Each structure stands twice: as structure tokens, then as C-alpha cells.
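Peer 1: Here is my input; please provide its structure:
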Amino acid sequence: VHTTVENGGPFDGFIDELRISGIDRSADWIKASYNNQNNPGNYLSFATEETSLFIPNISASPASNDFGSVNVGSSSPPQTFTITNTGTANLVIGTISLAGTNLDQFVTQNDTCSGMTISPSAACTVKVVFNPTSAGALTANLSIPSNDPDTPNLYIVITGTGVIPQYILTVTKAGTGSGTVTSGDGLINCGNTCSAIYNAGAALTLTATPDASSTFAGWSGGGCSGTGNCVITINTNTTVTAAFNIKTFTITATAGVGGSISPSGAVVVNYGANQTFTIMPDAGYQVADVVVDGISIGAVTSYTFTNVTAGHIVSAAFSEIPNISASPASNDFGSVNVGSLSLPQTFTITNTGTGNLVIGSIYLTGTNLDQFVTQNDTCTGRIIAPSATCTIEVLFIPTYVGTLTANLSIPSNDPDTSTLNVGLSGTGVVGQCL
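Peer 2: Numbers count the residues shown, from 1 in each chain. The predicted model follows:
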């Protein structure tokens, strides 16, 4: 041991006691201690006669902390660190700071320790928050300087993982129609795939494509509207709805006087559907004609549009019903000599209906049609008004013996009797005088 004493000379002797104090002592204190010794010539004291060593000791709880995964741009809950003086002397803490590779990813708050003197067994606290601004594993140290002689700077390791938040985009479809929604990145194809996970801040474009049977009615949700593309930025779980409506077409159905068509008016029909119209004449009327898109299809009583993909027009016309009758309804010319002529028989054709009777060409039919002949025909090709008549005569001209028959056939527009057959008969005989 080498030191100096009060008179400035070197100490040369034996030290039988060495007392070490954790408290700085002044020169005056040492001098007074020396002079107070019983035998100053043989005993030199450098400190008070203290019975224990006074040293501060710093400890932290927790000794380290992992903040786990925290979304980039978000903050973790604060972690409280308790700094305790476990020594026997006052602990003087300097200014607490952050150090290390990613010190800017953490922040201290509510610091009750920096610049404080902590008594033995007392404590103070400081909080740390993890605020990641980038993704990945991030680390730093909470640096706590003090007068702890063993640990003049206590480092608490703090770690955390910055993660980019992810959100779910969900596409739903509404309306009476059908179609597909796709995203520009291909993750959404709805259809089949109607949701996908995106990183926060992802920007994408959704496109709605209606099927051939439908139209796109517009967007809702996610800030999208209208019928154009939906451009969105994902920063939360988001649902976007695309509305598709089935195409509809109008079939206009009308009916003239004397009947009806059902359904009538402007009839709305879905794309690809079938629509049947029923044409019904009133009493005393008949269907005269049905016209579809300007083309006559005749006097039908129903019409069906199949697989409708366009608008159409259907109209029905009606006419009053003619009714044909003949008087007499048949005639037997009796016996007539072969090679002779009977007296003519007049047949009266009457229209007993409510519509005009149109008569075609009258002709003879039957087994023996060549044994009869017509004359004075005022009916063929005629239009007979209701209650009006026309006439035609028939003669029997047998050329051989026997009972001979034929028909007077009268075609017309009578809907019930398109051809009226009037029965004719007679007997060819030989050698009789009429």
C-alpha cells in the first residue's frame, strides 16, 4: 500500500487495519479521524469506524420484453418497467434513453425515473411503447444510467415484430340477374372466388360483367357506386356488392272488336322465358287473324313466344261468325228415264250467321256425280251478308238404270261447316213416260 500522510511524507510502516467507505470523505474528516486516535504514533485510520458497506444496486423488472406482433402504423399497449434500488445506498439515475438498431421503433413515456435519486428498496417506473413503422423483427435497448458501481448503465433488451395488417375483401351479388365480378389482380373471380385477403393499403379495381341474360345495375359498399369499375383501397375488412338484374322485354298485345287476348297490354317478359297468349272471341265472333311482328299467322286461338330475347308485338282481329244453311237440305229427283232430264231443283243458300258468308266454288261430288248437273249458280264466289241468300239449280240426267247419288258441295267460311254437302239422289229408269 502506498499513500501519503498529512505532513506530505511517504508512509513507511505496517497497516494493521484498513477501513473502506462507500462514502467520499474530505481531507478534514480524515485528519480529524487521525487526531482522534488513542495512539496516533502507531495507528492510522482512513475512515469512520462503519459496520457495513453502503452501495446502490439497480435492478429492472421485467429484465427484457418482447412486444410480440404489432401492426405497422399501430401502437402496442405500454409496457411498464419498474426500476428498483436493491442496494444500501441511494441510487442516482441519469437520463433514460433508447439505444440499439431500431431505437426509433420504440418510445418511452411516463418516465418517473430519469434524474431521480432512489432510496434503498424504493422504485420508480418508466413505460415503453412499440410503434413499428416497418415490417419485420425489430430490437432496441432501454438504456438506464446510474451510480450503481457494478452496472453503471443497465440495458433492457426490448423486441417486437412489425407486421403489415391484412384485411378481407368480400364481394356479394344481389338482384334478379347474374354476372361475374373480377379483380385486376385475379384474386377475386366471383363466380367462384368471392373473397380474398389483402395487405393494408392495397389498391385494386373490381369489374362487373353481366351474363347475357342480365344487366349490371351498380355497386354498393366499399365507397363504390354507379355502373363503372369499382376502385378501392383496402384499409379495413370490406364488403362490396354488385347488383345484376335480369333483362326484361316488353311484348305488346292488343285485340280488336269482338274478342280479347290474354295477357294484354305491355307484358314484361324475362330474358329467355316463354310467354303464351290466348286469343278468345266473344259470342257471335270468331278469330279472323293473328299478326305477330307484322306477319300473319292465321286464325289461331293461342300463340307462344319461346326463349324471349327481344320485344314483340302481337295483335288479334275478330270477325262475326257466318252460318251456312241450304234449303232443301237434300233432294230426291225420283225416277227419270235414262237419257232424259229431270225438272231443275232450286237450292237456296242462306247466311243465318252474324258475319259475311264467303262462298267458294260449288261443285258436285260423290259416286254418281256425272249423273247430275248444276245451272243458274248465283252463289259461287259470292259474299252473302247476314240473312241474305243465293240460289243454284241442279238437274238429274241419268245415263243408266239404277239408283244414283251425289252431293252438292258448297265450300264457305262457315267455321263450323267449311263445306256443306247437300245430298242428291235419283233413279234412272227405261221406257217410262214422265
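
Peer 1: Does Asn57 touch Gly87 like I think?
Peer 2: Yes: here Asn57 reaches Gly87: they are 3.4 Å apart, a contact under Cβ atoms under 8 Å. From N, CA and C alone the C-beta is placed, and that goes for glycine too.

Peer 1: Mutual contacts of those two, please.
Peer 2: Taking Cβ atoms under 8 Å, 6 or more residues apart in numbering as the contact rule, Asn57 and Gly87 both touch Asp148.

Peer 1: So if I had to pick from the two, which one is more boxed in?
Peer 2: Set side by side, Asn57 and Gly87 show more neighbours around Gly87, with 23 against 17, by other Cβ atoms under 10 Å.

Peer 1: So the more buried one versus Thr95, what's the distance?
Peer 2: 20 Å (Cβ to Cβ, to the nearest Å).

Peer 1: same thing with Ser260?
Peer 2: For Ser260, the distance to Thr95 - Cβ to Cβ - is 99 Å.

Peer 1: neighbour-wise, which of these two wins?
Peer 2: A count of neighbours by other Cβ under 10 Å puts Ser260 above the other of Ser260 and Thr95, at 16 against 11.

Peer 1: Please give me every residue in contact with the more buried one.
Peer 2: Residues near Ser260 by Cβ under 8 Å, 6+ apart: 279-280, 282, 316.

Peer 1: Go through those and name the one with the lowest pLDDT.
Peer 2: Least confident entry in these, by pLDDT: Asp282, with 94.

Peer 1: so where's the stretch 101-250 of the chain shaky on pLDDT?
Peer 2: Applying pLDDT under 70 to the stretch 101-250 of the chain picks out no residues at all.

Peer 1: At which residues are the strands of it located?
Peer 2: Along the stretch 101-250 of the chain, counting by DSSP state E, counting those that start in this stretch, strands occupy 106-109, 117-118, 123-130, 136-145, 153-163, 166-174, 179-183, 189-190, 195-199, 202-210, 214-220, 230-234, 238-246, 248-255.

Peer 1: Could you work out which of these reaches nearest to Asn407?
Peer 2: strand 248-255 (38.2 Å; Cβ to Cβ).

Peer 1: What strands flank the helix or strand just after that closest one, and is each parallel or antiparallel?
Peer 2: Next helix or strand after strand 248-255 toward the C-terminus (DSSP states H and E): strand 259-262. For strand 259-262, the pairing partners within the sheet under DSSP bridges are strand 275-281 (antiparallel).

Peer 1: And the contacts of the helix or strand that the strand it pairs with is followed by?
Peer 2: Next helix or strand after strand 275-281 toward the C-terminus (DSSP H and E): strand 285-292. Residues from elsewhere that reach strand 285-292 (Cβ under 8 Å, 6+ apart): 258-259, 279, 281, 296-301, 303, 312-321, 354-355, 415.

Peer 1: Pull out the buried residues from those.
Peer 2: Using 16 or more other Cβ atoms under 10 Å as the burial test, the contacts of strand 285-292 include 258-259, 279, 281, 299, 303, 312, 314-321, 354-355, 415 as buried.

Peer 1: May I have the residues that are in contact with Arg96?
Peer 2: Heads up, residue 96 is Ile, not Arg. 108, 111, 113-114, 126, 142-145.
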